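>>> Show me the folded form of this:
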Amino acid sequence: MVHDDLDMETGQLKIRKKGSSGGHRGIESIIENLGTREFIRVKIGIGREEGVPAEEYVLRKFGRGQIPLIKDAIVRASDAIAMILRHGADKAMNTFN
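Down below sits the predicted model:
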C-alpha cells in the first residue's frame, strides 16, 4: 500500500509493516476490509498547511516548490517497493526510513 501522509514533510518517505490509520480514511477502510492492521505501507509525506482543513488540502494541486520533492519521493517509493518485493520489508525499512 502506498499512500500520502499529512503529518510528514513533503517528499519524506517512510515504510511501516503495520500500524493504525492515523486518521487516513482510505487506510481505515483497508484495515476494516482486511480485518487487520498488519500490512506494509509506503508513506509519502505531503506536508500540511496551517489553517487549511485536511479534506481541502489533500485535494489541492502541489505547489511549484513541492513538485520536485514529490517526483523524487515517487522514484524512491518505487525503489522501496522493488526492494520490499526482492528482499523484504525490514531491509527496505533500514534503507529508506
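
>>> CA only for contacts and neighbour counts going forward, please
Fine.

>>> show me what contacts the closest residue to residue 40 other than its chain neighbours?
Using C-alpha to C-alpha, 6 or more residues apart in numbering and skipping the chain neighbours, the partner closest in space to residue 40 is residue 17 (4.2 Å). When contacts are counted by C-alpha atoms under 8 Å, 6 or more residues apart in numbering, residue 17 touches 38-41, 89.

>>> Can I get the buried part of those as one PyMOL selection?
Only the buried members of the contacts of residue 17 enter the following PyMOL selection, criterion being 16 or more other C-alpha atoms under 10 Å:
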select buried, resi 40+41+89
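
>>> how about the helices of the chain, start to end?
For the chain, the helices defined by DSSP state H occupy 25-34, 54-57, 67-87, 89-96.

>>> can you count the residues close to residue 82?
13 (other C-alpha atoms under 10 Å).

>>> Quick check: pLDDT value at the one residue sitting closest to the centre of the chain.
Closest residue to the average C-alpha location of the chain: residue 43 at 1.6 Å, with C-alpha atoms, centre = their mean. For residue 43, the model assigns a pLDDT of 96.
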